[in-house]
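Colleague: A predicted structure for the sequence below; I have some questions about it.
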Amino acid sequence: MSNERGQMSIDRLKELVRERSRRAEMPLEERRAIMDMNSDMFPVPEGVAVEPADLGGLKGEWSIPAGAGEAPVLLYFHGGGYLLGSSRSHRHLTSRLALASNARVLSVDYALAPEHPFPAGVRDGLASYRWLLDKGHAPEKIAIGGDSAGGGLTMATLLAARDEGLPMPGAAILISPWTDLTCDTGSYRSKADADPMITPQSIRETAATYLAGAAASDPLASPNLADLTGMPPMLIHVGSDEVLLDDSRDLEKRAVAADVDAEIEIWDGMIHVWHAFYQMLPEGEQAIERMGSYLSAKWNSAEKIPVI
């Protein structure tokens, strides 16, 4: 997908992102603090209330549109390579997704490496989904989603839930998901020059830190290597200029082969998680609206299924 009106904007954004990525490496805590400053630079849209959430020990926050009432829930896992990010850093994105889908979005502060390496984040993902079910939320009125590493955690959580015998949610959304930690797909080579944000070397180092000696071939680390039978309907967004392009392509292929209702949309010229730049990039706004309409359609169709 493309948008002529926004093309200059994406070109300029690529320049800015590439310039930022060339900065010297900073200590992890400083990088985390800078990422959390997103909440100061990018305000929450009007009409959304942000409230703290306590999931029985796990922390996070709710983004609730005005008048949402007992609206469906999007359980959201932020990106950041399993090392960075928080509900705060992604607040501008989750609150906008709440508006687009007219849903309550629960953004979870799952455990991060290196303090808590794989599979700690997966345990937290599963615990957060189980918490929603235990609170009485109907699975068909829940969706799970995330961006980048949060997209990988979305798939890992779904796999863990399936293997635990839990009911699947109504849908999943994946934004530029990182779903193959072997980090050796074709787009690592073909898109290395086009991607202004991620380099093959940096993401391989990030994977090694997260895995801390665990096998990258573990299906909960690399869901693209898993049996995807029984996964819920899913929409995958990825930009054409991403090192992780083949993660999304391979995920969709494997899901369809497992009879999963999976859709992929490759957006022309877009970069990693361009949705997060929606306040300056028209395609970011369009992509969020598309995610929202997809979720609304899935939840509405669930309401029409007769109970026998």
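Modeller: Great, that's in hand.

Colleague: Could you say which helix or strand holds I236?
Modeller: Here I236, judged by DSSP states H and E, is contained in strand 234-239.

Colleague: typo on my end, it should be D54
Modeller: In this structure, D54 sits in strand 48-55 according to DSSP H and E.

Colleague: other SSEs contacting that strand?
Modeller: Counting contacts by 3 or more C-beta pairs under 8 Å, 6 or more residues apart in numbering; DSSP states H and E, strand 48-55 is packed against strand 58-65, helix 91-101, strand 104-108, helix 120-134. (Glycine included, C-beta is placed from N, CA and C.)

Colleague: now the helices for the stretch 201-308 of the chain?
Modeller: Per DSSP state H, counting those that start in this stretch, the stretch 201-308 of the chain has helices spanning 245-257, 282-303. These are given in chain order.

Colleague: residues making contact with the first one?
Modeller: Surrounding helix 245-257, the residues in contact under the criterion C-beta atoms under 8 Å, 6 or more residues apart in numbering are 155, 174, 176-180, 185-188, 191, 223-224, 228, 231, 234, 236-239, 262-264, 266.

Colleague: tell me which element L153 is part of?
Modeller: With the criterion set as DSSP H and E, the secondary-structure element containing L153 is helix 149-163.

Colleague: Remind me what that helix packs against, helices and strands.
Modeller: Helices and strands in packing contact with helix 149-163 are listed as strand 73-77, helix 120-134, strand 142-147, strand 171-175; criterion 3+ C-beta pairs under 8 Å, 6+ apart.

Colleague: Using JSON lines, lay out those together with mean pLDDT.
Modeller: Putting the helices and strands packed on helix 149-163 into JSON lines (pLDDT from 0 to 100) gives the following:
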{"stretch": "strand 73-77", "mean pLDDT": "99"}
{"stretch": "helix 120-134", "mean pLDDT": "98"}
{"stretch": "strand 142-147", "mean pLDDT": "98"}
{"stretch": "strand 171-175", "mean pLDDT": "99"}
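
Colleague: Relative to L159, which of the ones you listed is closest?
Modeller: Judged by C-beta to C-beta, the one of those that comes nearest to L159 is helix 120-134, at 8.6 Å.

Colleague: Of all the residues in that closest one, which ones are buried?
Modeller: Of the residues in helix 120-134, 120-132 count as buried by neighbour count, 16 or more other C-beta atoms under 10 Å.

Colleague: for stretch 162-170, same thing?
Modeller: When neighbours are counted by 16+ other C-beta under 10 Å, the buried residues of stretch 162-170 are found to be 162, 166, 168-170.

Colleague: so what's E61 closest to, chain neighbours aside?
Modeller: Sequence neighbours aside, S87 is the residue nearest to E61 in space, at 4.4 Å (criterion: C-beta to C-beta, 6 or more residues apart in numbering).

Colleague: cool, and G56?
Modeller: Leaving aside its chain neighbours, G56 sits nearest to W131 (5.8 Å; criterion: C-beta to C-beta, 6+ apart).

Colleague: was I right about that neighbour contacting K59?
Modeller: No - at 11.8 Å, W131 does not count as touching K59 under the criterion of C-beta atoms under 8 Å.

Colleague: in the stretch 1-150 of the chain, which ranges drop under the pLDDT threshold?
Modeller: Scanning the stretch 1-150 of the chain for pLDDT under 70 picks out the ranges 1-8, 22-24.
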